[in-house]
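Novice: Kindly generate the corresponding structure for this input.
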Amino acid sequence: MDKKSSLREKYKASVKQRKEELLIGLRPQDKKAVENIKHKK
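Specialist: Here you go, the predicted model:
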């Protein structure tokens, strides 16, 4: 149980990091669009 939950946390962290890396690679107007999508959720 503990192992599984820690794996899930690691997975979430890596996904978050990957998303942030993708955002850094985006053009400014794309970043704005992504921010708008985030706020809509």
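
Novice: show me where this protein has helices.
Specialist: 2-25, 28-40 (DSSP state H).

Novice: Could you tell me the least trusted of these?
Specialist: Out of the helices of the chain, helix 28-40 stands lowest, with a mean of 73 (criterion: mean pLDDT).

Novice: buried stuff in that one?
Specialist: Within helix 28-40, not a single residue qualifies as buried, counting by 16 or more other Cβ atoms under 10 Å. C-beta here means a position set from N, CA and C on the backbone, and glycine is covered the same way.

Novice: Restricting to C-alpha, output that helix in CSV.
Specialist: As requested, C-alpha coordinates have been extracted for helix 28-40 and formatted as CSV (Å, rounded to 0.1, in the frame of the first residue of the first chain):
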residue,chain,number,x,y,z
PRO,A,28,4.0,33.5,-25.0
GLN,A,29,0.6,33.5,-26.7
ASP,A,30,0.3,29.7,-26.2
LYS,A,31,1.2,30.1,-22.5
LYS,A,32,-1.7,32.6,-22.2
ALA,A,33,-4.1,30.1,-23.8
VAL,A,34,-2.9,27.4,-21.4
GLU,A,35,-3.4,29.7,-18.5
ASN,A,36,-7.0,30.4,-19.7
ILE,A,37,-7.7,26.6,-19.9
LYS,A,38,-6.3,26.1,-16.4
HIS,A,39,-8.6,28.8,-15.0
LYS,A,40,-11.7,27.4,-16.7
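
Novice: by contact count, what packs against that helix?
Specialist: Of the remaining helices and strands, none touches helix 28-40 by 3 or more Cβ pairs under 8 Å, 6 or more residues apart in numbering; DSSP states H and E.

Novice: which outside residues touch that helix?
Specialist: Surrounding helix 28-40, the residues in contact under the criterion Cβ atoms under 8 Å, 6 or more residues apart in numbering are Leu23, Leu26.

Novice: let's go with 6 Å and repeat that
Specialist: Judged by Cβ atoms under 6 Å, 6 or more residues apart in numbering, helix 28-40 makes no contacts with residues elsewhere in the structure.

Novice: So what angle separates the directions of that helix and helix 2-25?
Specialist: 140 degrees (axes from the mean of the first three to the mean of the last three Cα atoms, to 10 degrees).
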